[in-house]
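Trainee: Pasting the sequence and the predicted model now:
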Amino acid sequence: MINKGKGGGNTITGLNFERGRDITSLVKNLNGYSVNDSIIYFNKKEVAKSFKKHGLYVYLKSQGIDYKKLISKKLLPDEAIYVICNNTLFIIEMKFQKVGGSVDEKLQTCDFKKKQYRKLMAPLNIEIEYVYILNDWFKKPEYKDTLDYIISVGCQYYFHYLPLQKLGLPMPVEK
């Protein structure tokens, strides 16, 4: 069940998530990284851009793209990170549950949403990866089929943790 679902790890090789944490707040604490106005730098070189919710659409507009001509309804990612070196926009959705509910069905929408983001980013020739960051609630046996489905449609999930290498971001040197 934990095929692409990794947990733990240290902050040298990835980002440890908790409820309410975002990529920029995590990455700026890594050696060599800094963040200024949602732009992520490594050793003072721009390596990525972070977008939250409507920020992705502000970026698209700055690139001369009207999302309404590409998709019929805005999708608002928890966070999207555009990694320059691999020309990929990672859609990061964080799902932290304590009780059952509507999140169960939301996990089953990644295929549709990934396709919508592909249409949205096609004019810029930007690749899309769709990743869930989950808490331990989703390790329960009743989520096996859903987690298998996520992998089968080319999306990914991790438990509390996202490897920097998966994003294509440079690895920090230990302090």
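Mentor: Cool, got the structure.

Trainee: now the helices for the protein?
Mentor: For the chain, applying DSSP state H gives helices covering 23-27, 55-62, 103-106, 110-121, 144-152, 164-167.

Trainee: can I get those in a markdown table with distance to Tyr41, mean neighbour count and mean pLDDT?
Mentor: (Glycine included, C-beta is placed from N, CA and C.) Output for those, formatted as a markdown table (distance: least, CB to CB, whole Å; neighbours: other CB atoms under 10 Å; pLDDT from 0 to 100):
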| stretch | distance to Tyr41 | mean neighbour count | mean pLDDT |
| --- | --- | --- | --- |
| helix 23-27 | 10 | 20 | 81 |
| helix 55-62 | 17 | 16 | 95 |
| helix 103-106 | 33 | 13 | 77 |
| helix 110-121 | 23 | 18 | 96 |
| helix 144-152 | 31 | 15 | 95 |
| helix 164-167 | 14 | 18 | 86 |
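
Trainee: Output the ones you listed as a markdown table; include the columns distance to Tyr82.
Mentor: A markdown table is the format used below for these (distance: least, CB to CB, whole Å):
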| stretch | distance to Tyr82 |
| --- | --- |
| helix 23-27 | 11 |
| helix 55-62 | 8 |
| helix 103-106 | 23 |
| helix 110-121 | 9 |
| helix 144-152 | 22 |
| helix 164-167 | 10 |
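
Trainee: Please name whichever of those is nearest to Phe96.
Mentor: helix 103-106 (8.7 Å; CB to CB).

Trainee: Could you check how far that closest one is from the centre of its chain?
Mentor: 17 Å (CA atoms, centre = their mean, to the nearest Å).

Trainee: Tell me the helices and strands packed up against it.
Mentor: Counting contacts by 3 or more CB pairs under 8 Å, 6 or more residues apart in numbering; DSSP states H and E, helix 103-106 is packed against strand 88-95.

Trainee: Mind checking the pLDDT average for the strand it packs on?
Mentor: Averaged across strand 88-95, the pLDDT comes to 92.

Trainee: who's in contact with the residue positioned nearest the centre of the chain?
Mentor: Nearest to the mean C-alpha position of the chain, by CA atoms, centre = their mean, lies Ile92 at 2.1 Å. Going by CB atoms under 8 Å, 6 or more residues apart in numbering, Ile92 touches Ile23, Pro77, Asp78, Glu79, Ala80, Ile81, Val131, Ile133, Leu162.
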